[in-house]
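A.B. asks: Got a predicted structure here, sequence first:
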Amino acid sequence: MTPAVSKAVDEVRAAFPDAAIRVREEPDGGAVVLVEDVDPGAQYEQRSTWIGFRITFQYPYSDVYPHFVRGDLARVDGAPLGEAMTSTSFEERPAVQISRRSNRLNPATDTAVIKLHKVLTWLRSR
C-alpha cells in the first residue's frame, strides 16, 4: 500500500474500533477495505451489514467511490432501495452498490473515513 492508502486504512480502523476490518492490498498500492457489522438503519430488515470500498493508489487525489453493502439489503416497508443503489457484486459477494460520488473533491478534507461516514449517513437517511 502507498503511505497515503495505509494512513487511510488506519483512520478507518480508528473510527470503527469495534468492527472487524478486512484489508486486501492491491498490487498497484491501493487496498480493498471491508468493514463488518455496521448498522445500515432502522428502515432496513437487516440491522447489520458489511460495507466495502476500494482506496486506489491515486488516493488522496481520487474519490473513494463507490461503496458496497450486503446484496440482500431490503427495506422494512417493502419499497425499492431507491436511487443511487444497484444490485451487483463486490469481491465475489452479492452486493448493493451505493453510488455517491464526491463533487469537487478536496484531498485535504475528503478523506476515506469522512466519505465512509457520509455514505453511511446517506444510507441511514433513505
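C.D. replies: Sure thing, it's come through.
A.B. asks: Grab the CA positions of stretch 59-75 and hand them over as CSV.
C.D. replies: Only the C-alpha atoms of stretch 59-75 are listed here, as CSV (Å, rounded to 0.1, in the frame of the first residue of the first chain):
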residue,chain,number,x,y,z
TYR,A,59,-5.6,8.4,-3.1
PRO,A,60,-6.0,11.1,-1.8
TYR,A,61,-6.4,12.6,-5.3
SER,A,62,-9.1,10.1,-6.3
ASP,A,63,-12.5,9.7,-4.8
VAL,A,64,-13.3,6.6,-2.7
TYR,A,65,-16.2,5.5,-4.8
PRO,A,66,-18.4,3.5,-5.0
HIS,A,67,-19.3,1.8,-1.7
PHE,A,68,-21.0,-1.6,-1.4
VAL,A,69,-23.2,-3.3,1.2
ARG,A,70,-24.7,-6.7,1.6
GLY,A,71,-26.6,-7.9,-1.5
ASP,A,72,-29.8,-8.8,0.3
LEU,A,73,-30.4,-5.4,1.9
ALA,A,74,-34.1,-4.8,1.9
ARG,A,75,-36.4,-2.1,3.3
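A.B. asks: mean confidence score for it?
C.D. replies: Taken as a whole, stretch 59-75 carries a mean pLDDT of 96.
A.B. asks: now that stretch, how far from the chain's geometric center?
C.D. replies: Here stretch 59-75 shows a centroid-to-chain-centroid distance of 4 Å under the convention C-alpha atoms, centre = their mean, to the nearest Å.
A.B. asks: same deal with stretch 31-48?
C.D. replies: Per C-alpha atoms, centre = their mean, the centroid offset for stretch 31-48 relative to its chain is 9 Å.
A.B. asks: when you give positions from now on, start the count at 345
C.D. replies: Okay, residue one is now 345; in that scheme the one you just asked about reads as stretch 375-392.
A.B. asks: In the chain, mark out all the strands, start to finish.
C.D. replies: Remark: strands assigned in the chain by DSSP state E are 365-369, 375-382, 393-399, 411-414, 429-434, 437-442.
A.B. asks: for the chain, what are the low-confidence residue spans?
C.D. replies: Low-confidence segments of the chain, defined by pLDDT under 70, are absent.
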